[in-house]
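Engineer: Please find the sequence and the predicted model below.
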Amino acid sequence: MGFPGTWMTESESVVYRVVPKCACSSIGQIMYYSDHGEFFDGDIHDAKTGLHKWALDPSQPVISDNVKAHKSFAFTCVRNPYTRVLSSFFDKICGIQRNGKRYRGNLVPLLIQKYGIEVGGEDGKQDFDQIASFRRFLLFVRDTIRWRRPMDPDIHWSAMSGHVSTFIVNGGRYDKIFWTEQFNDGMQQVIDAIDTPIEVKLDEVPRFNESEGHGPKRAHPVEDYFDDLSMHLVREIYKRDFELFKYDFDNPANKMPVGEIELDEVHAKLGD
């Protein structure tokens, strides 16, 4: 199985397990900068050089050796499940992707046909009932995760604990897990814990939100999208995420964590 979704600086100063929709563009660019003194020109997900990635065959043995021996500081970053799944909907389902096309080709037509979802027309710019469509999207998410129908779950809305766990199950150990909602604090702690070839001054780093502008703007507060039924679905899908990463299930309006992440608990519960 190895370490899917794992990135590492070429200097091996730090190892990062990517969790989609959790500031991964910013983190990847910071890692790239810390080795090269410049940011990658483009979306860091497209970089084929300058950063070790598990998806690149030559990087796999280097990452594997490092992680299994815990040679470098290893971390990941998580996000409130309510805002994460909402962001996935606007970015991946309603938005036009950076290649100018819809995400995953026939996925959106399938959702329109089978679940009655609207996405704001051809360009994602027209008005539509965002709340009704999002709640139908949640049904689809539940179907993919629970029954793998009408397709396997997508990495952008599958549970964060699933992403985080593969690293542990295959022999890795995290030194830090921090929250997107307190990004600067968490990322600074990572930077303070490692030695990088180039000094990183976090307050001078631009934010790389690659999904920004892909889809329509959210028209309502987060809590308006979640009624009793959709909260029930969210609990069914993301129960472990709320528990392990200390988010507030009972109040979708509160995106901030309500407790401290216990690394030992995460390793114990996700390592089996």
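Structural biologist: Received, thanks. Numbers count the residues shown, from 1 in each chain.
Engineer: which stretches of the protein form strands?
Structural biologist: Using DSSP state E, the strands of the chain run over residues 6-9, 14-17, 51-53, 73-78, 176-179.
Engineer: And the contacts of the first one?
Structural biologist: It refers to strand 6-9. Strand 6-9 is contacted from outside by 14-18, 28, 31-32, 34-35, 51-54, 59, 62-63, 66-67, 72, 167, 172, 196, using C-beta atoms under 8 Å, 6 or more residues apart in numbering. C-betas here are computed from N, CA, C, even on glycine.
Engineer: Return the distance of it from the chain's centre.
Structural biologist: Put simply, strand 6-9 sits 15 Å off its chain's centre (C-alpha atoms, centre = their mean, to the nearest Å).
Engineer: what do you get for the second one?
Structural biologist: Here the centre of mass of C-alpha atoms in strand 14-17, compared against the chain's by C-alpha atoms, centre = their mean, lies 14 Å away.
Engineer: Output that strand as PDB, nothing but the C-alphas.
Structural biologist: The C-alpha trace of strand 14-17 is given here as PDB (Å, rounded to 0.1, in the frame of the first residue of the first chain):
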ATOM      1  CA  VAL A  14       9.600  17.500   6.500                       C
ATOM      2  CA  VAL A  15       6.900  15.000   5.500                       C
ATOM      3  CA  TYR A  16       3.300  15.900   4.900                       C
ATOM      4  CA  ARG A  17       0.200  13.700   4.400                       C
END
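Engineer: Neighbouring strands - and their directions - for it?
Structural biologist: strand 6-9 (antiparallel), strand 73-78 (parallel) (DSSP bridges).
Engineer: Likewise for the third one?
Structural biologist: Using DSSP bridges, the strands paired with strand 51-53 in its sheet are strand 6-9 (antiparallel).
Engineer: Quick check: ChimeraX command selecting the buried ones in the contacts of strand 6-9.
Structural biologist: The following ChimeraX line selects those of the contacts of strand 6-9 that are buried, judged by 16 or more other C-beta atoms under 10 Å:
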select :14,15,16,17,18,28,31,32,34,35,51,52,53,54,59,63,66,67,72,167,172,196
